[in-house]
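Trainee: Need a 3D model of the following:
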Amino acid sequence: MIQALFYAGALLAGLLLSALAAALLGDPTLGGLRLSHVLYAATVAVVALGAAGPRVLRNTLSIAVAIAGVLGGAALVYIFLAQVLYVGTAMAVKHGGLAFLWNIPPTPSDEAGGIGPALLGTLYMTAIGALFGFLIGFPVGVYLGEFRRELAAKVARIGVNVLVEFPTITIGLLVYALLSLLGIRPFSGYAGALALAIIMIPYVALFTAAAYASIPQAVKEAAYAVTGSLYKTLFVVMRKVAARAILAAFLLGTAKIAGETAPLLFTAFGNDYYTSEIFGVDLGQPTGSLTLLIYYMAQTPYTVQNEVAWGAAAVLLWIILAIFAAARLAQRSA
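Mentor: Next up, the predicted model:
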């Protein structure tokens, strides 16, 4: 009887709200639906859930709010990414299409420009940083995954976890200070690559540790029985077993450092011109990158440089999306 009254009240409340919306607001349309119809359905649903009990109502509303928040946040992210890709690609086409990839950045008086030196700098520094970051992070990850119960491994894992959360700009400052103390030029592409390598190490280490820890103990024992060598077991047999997961770790770490700006402010510093006739960019000198170019040119009051910044953002995003896609394929195969 009480539930029947609740349902009757739901119908009545829905009718009243829909009539009120039609009278006061003219019953506007929301995505093809009348506001009165939306209010009616929502009111009936809420009051009907109330008839089932406050706990059911509370749980259902909590789930609905959570789902709406997740979907809304994801929609905002996708809209932003789509805008960067659409506007940035259009700006790149406007500034020469493919020539945008090798032309030098414009001065305020130029009508068009490109991202050539910055693109090369990004590719060089990311490649070197990813290589050395992997060469150090991989054995660290093997140690963390296989000897995780040892005290030294536990302490090392704490350090790696701290390094993951460490502000990357402080890593750039650390590299700058260290090179200055050693009397080495702090502003160079090599300094930028060193900072990127340090940033990549913990990501590779943690992914590798998780991959090795997931290998069944029986497989490890069988591998050791066949090889008779701990080194061959860890770095030959088990590396092949976890190869795709390790590849995914390498690709995700590479995508992470490719989009870094802060550590390069105090290391690579930036450069808008080609500095080498052979390789295009001399990493021994201040070196440009896409992230630095975007950072500097997005702040200028000149339209041509703002447009180039949009184009650079689109190119960088396409590169990172390609790396992430490859990493996802590797993870699924693993």
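Trainee: how about the strands of this structure, start to end?
Mentor: 29-30, 33-34 (DSSP state E).
Trainee: Comparing these by mean pLDDT, which bottoms out?
Mentor: Note on these: strand 29-30 shows the lowest mean pLDDT, a mean of 51.
Trainee: Give me the pLDDT for the closest residue to residue 192 other than its chain neighbours.
Mentor: With C-beta to C-beta, 6 or more residues apart in numbering as the criterion, residue 192 has its nearest non-adjacent residue at 3.3 Å, and that residue is residue 268. In short, each C-beta sits where N, CA and C put it, glycine included. Listed pLDDT for residue 268 reads 96.
Trainee: ok, residue 268 touching residue 292?
Mentor: Yes. The pair residue 268 / residue 292 is scored as a contact, 6.7 Å apart, by C-beta atoms under 8 Å.
Trainee: Which one's more surrounded, those two?
Mentor: Using other C-beta atoms under 10 Å as the criterion, residue 268 and residue 292 rank with residue 268 on top: 30 against 25.
Trainee: Just give me the neighbour total for the closest residue to residue 250 other than its chain neighbours.
Mentor: Closest residue to residue 250 apart from its sequence neighbours, by C-beta to C-beta, 6+ apart: residue 134 at 5.3 Å. Using other C-beta under 10 Å, residue 134 has 23 other residues around it.
Trainee: Repeat that for residue 206.
Mentor: If we define neighbours as other C-beta under 10 Å, then residue 206 has 22 of them.
Trainee: do the same with the one 5 residues further on
Mentor: Burial measure for residue 211: 24 neighbouring residues, criterion other C-beta under 10 Å.
Trainee: measure it to residue 186 for me?
Mentor: 36 Å (C-beta to C-beta, to the nearest Å).
Trainee: go on, residue 138?
Mentor: Per C-beta to C-beta, residue 138 is found 28 Å from residue 186.
Trainee: Likewise for residue 249?
Mentor: When distance is defined by C-beta to C-beta, residue 249 is 30 Å away from residue 186.
Trainee: more neighbours, the two?
Mentor: residue 249 (28 against 19).
Trainee: mind checking pLDDT for the residue nearest the centre of the chain?
Mentor: Nearest to the geometric centre of the chain sits residue 256, at 6.1 Å (C-alpha atoms, centre = their mean). For residue 256, the pLDDT comes out at 93.
Trainee: contacting residues for the closest residue to it other than its chain neighbours?
Mentor: Nearest in space to residue 256, with sequence neighbours left out and distances taken as C-beta to C-beta, 6+ apart, is residue 203 at 5.9 Å. Residues near residue 203 by C-beta atoms under 8 Å, 6 or more residues apart in numbering: 137, 164, 249, 252-253, 256.
Trainee: Next: residue 223.
Mentor: 233, 237-238.
Trainee: again, but for residue 153
Mentor: Counting by C-beta under 8 Å, 6+ apart, residue 153 makes contact with 143-144, 147.
Trainee: Ok, residue 296 next?
Mentor: Residue 296 makes contacts with residue 270, as judged by C-beta under 8 Å, 6+ apart.
Trainee: residue boundaries of the helices in the stretch 1-150 of the chain?
Mentor: Ranges of helices in the stretch 1-150 of the chain, per DSSP state H, counting those that start in this stretch, are 2-25, 35-51, 54-94, 116-146.
Trainee: tell me the average confidence for the third one?
Mentor: Which is helix 54-94. Per-residue scores along helix 54-94 average to 79.
Trainee: re the thing from before, how much space is there between the residue nearest to the centre of the chain and residue 232?
Mentor: In this view, residue 256 and residue 232 are 31 Å apart by C-beta to C-beta.
Trainee: Residue 223 now?
Mentor: Residue 223 is 8 Å from residue 232, where distance means C-beta to C-beta.
Trainee: Looks like residue 175 contacts residue 196 (just checking).
Mentor: No. At 9.6 Å, residue 175 and residue 196 do not qualify as touching, with contact defined as C-beta under 8 Å.
Trainee: Looking at the two, which is more packed in?
Mentor: residue 196 (32 against 23).
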